[in-house]
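> Sequence first, then the predicted structure, then my questions.
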Amino acid sequence: MLDRLTQQPADALLALIKLYDADPRADKIDLGVGVYRTDDGATPVFAAVKAAERKLVAEQDSKAYLGPEGDMGFVHALMPYVFGAADPSKGGRIDGMQAPGGTGGLRLAFALAKRAGITRIVTGNPTWPNHPQILSDLGMEAVTFNHARADGTADMDALRAAIAGARDGDAILLHGCCHNPTGIDYTPEQWDEIAALLVPSMWPPSPEVAAALQRHIAAHGLRAFQQAVTGGQHDHPEGIFYGGRNPTWSNVTLRHVLQAHGRRCARLAWIDLHTGLGPSGVGERIFAGRDDAAAIARARAWWGEHITSIHDGSSTSASLTGLMWTAVDDECAQAEYTGIALEYGTVPVTEVLDALRADQWLENHPEAGAAQQEAIKRRMLAAFYTDTDAWKQAVLEQAFEAARQAVAGLAAR
């Protein structure tokens, strides 16, 4: 069998490492792999790692097979340090597993992307030579863009063009600074550029800002703009949908309610009422929970097969962070949880997004004149509440129906 295989060319990076090891010069520098080194060229093992190794040797009581996902207790313990303790799964959008190194992790990620319908991977160039080889082996196409300028900075123009040229079935691979051969990373200032477009210094926005925002929407799509506006962020206190640094009053209060009442139940139903997305008066039933097949199936059995989800892109909602229902997992882990959000439509999404931007601008500029303040507040109210009997009746009827279905679902066993 092995005699049928063709000898592959040597990996350029591994060849460079071998050349470095064979070079007798004392002043040599290894530019191959981005790992931390001391002044004398050594890569030390951190004291915390050595302590963990000793603890593992002393206390580990089994070498039983863990399964293909690895030690999920370790994965979930690590996630708060990577993605933040407040919401490490980002509303159920992030999970993890152990993989045999970064290349092994990418191999699994590419295979998962292919299974989800992705056919092309857009990746920065230069990249590690084994990445295109993995894509070729999977039968996927690699599309590259130059993510590095000659001066050693990130080429944002090339990235913008790559995103604008992406099509359905594409995924974009962005390397962290220690996982691309250039060592280049995107700066916080480059994200600030987008934040400035969303909440400008004057309202209504200047023609230049409005034109720049339209160019952004044309390049990335309205859906991506909605995601940028409503997805949540923790870097710009004066920006839109700022998540803060500490739990809000409502977050703390909800958790107290769950602690007092939810910890006694075996099954828990959740209906979250929202407005602002979708056709006027129509209550879209959006699954409100982690991306769990059993929970989604249970929700559809209770509330109907037309349940949508942010996890598969079927909802009018963007993928959000800091969602309230994540408190149930923390406070009522014993309960079988089933939840939806009822999202009632009001006005077109572009009007809703502009109203949110104006309201944030007003928050930043309390010195605005009374007439302008009143106009912005009226627009904000209209974006989330339609003051007609027909709209209010539709909201009540659908809410009562969903509540009755939830009670029936809880009672069925």
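Cool, the structure landed. As the structure is a computational prediction, the values presented were derived from the model and not from experiment.

> how about the strands in this protein?
All strands of the chain, identified by DSSP state E, fall at 120-125, 141-146, 170-173, 267-280, 283-287, 336-345.

> which neighbours does the first one have in its sheet, and in what orientation?
The pairing partners recorded for strand 120-125 under DSSP bridges are strand 141-146 (parallel), strand 170-173 (parallel).

> can I get the strands of the chain in a markdown table with distance to residue 39, mean pLDDT and mean neighbour count?
Every C-beta, even on glycine, is put in place using the N, C-alpha and C of the backbone. As requested, the strands of the chain are exported to a markdown table (distance: least, C-beta to C-beta, whole Å; pLDDT from 0 to 100; neighbours: other C-beta atoms under 10 Å):
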| stretch | distance to residue 39 | mean pLDDT | mean neighbour count |
| --- | --- | --- | --- |
| strand 120-125 | 31 | 87 | 21 |
| strand 141-146 | 33 | 87 | 16 |
| strand 170-173 | 34 | 83 | 17 |
| strand 267-280 | 55 | 94 | 17 |
| strand 283-287 | 54 | 95 | 23 |
| strand 336-345 | 53 | 95 | 22 |
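
> Distance to residue 205 added to those, as JSON lines?
Conversion of the strands of the chain to JSON lines gives the following (distance: least, C-beta to C-beta, whole Å):
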{"stretch": "strand 120-125", "distance to residue 205": "31"}
{"stretch": "strand 141-146", "distance to residue 205": "30"}
{"stretch": "strand 170-173", "distance to residue 205": "28"}
{"stretch": "strand 267-280", "distance to residue 205": "21"}
{"stretch": "strand 283-287", "distance to residue 205": "30"}
{"stretch": "strand 336-345", "distance to residue 205": "25"}
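
> hey, where'd the helices end up in the stretch 101-250 of the chain?
For the stretch 101-250 of the chain, the helices defined by DSSP state H, counting those that start in this stretch occupy 101-115, 130-138, 156-164, 188-198, 207-220, 222-230, 249-261.

> Among these, which comes closest to residue 11?
With C-beta to C-beta as the criterion, residue 11 lies closest to helix 130-138 of these, at 6.4 Å.

> so how far is stretch 358-376 off the chain centroid?
Distance of stretch 358-376 from its chain centroid, counting by C-alpha atoms, centre = their mean, to the nearest Å, is 31 Å.

> what's the first-to-last distance across that stretch?
6 Å (C-alpha to C-alpha, to the nearest Å).

> For residue 45, find the nearest of the strands paired with strand 120-125.
strand 170-173 (29.8 Å).

> what's in contact with that closest one?
For strand 170-173, contacts defined as C-beta atoms under 8 Å, 6 or more residues apart in numbering pick out 113, 118-124, 131, 143, 162-163, 166.

> Between the residues you listed, which sits nearest residue 213?
Closest to residue 213, out of all of these and judged by C-beta to C-beta, is residue 163, at 15.6 Å.

> how close does the nearest residue to the closest one once chain neighbours are set aside get to residue 228?
Take residue 163 and drop its neighbours on the chain: the residue closest to it by C-beta to C-beta, 6 or more residues apart in numbering is residue 220, 6.0 Å away. In this structure, residue 220 lies at 8 Å from residue 228, with C-beta to C-beta, to the nearest Å as the measure.

> neighbour-wise, which of these two wins?
Between residue 220 and residue 228, counted using other C-beta atoms under 10 Å, residue 228 has the larger neighbour count: 21 against 17.

> Could you list which residues are in contact with residue 307?
Listed by C-beta under 8 Å, 6+ apart, the contact set of residue 307 reads 285, 286, 287, 296, 299, 300, 340.
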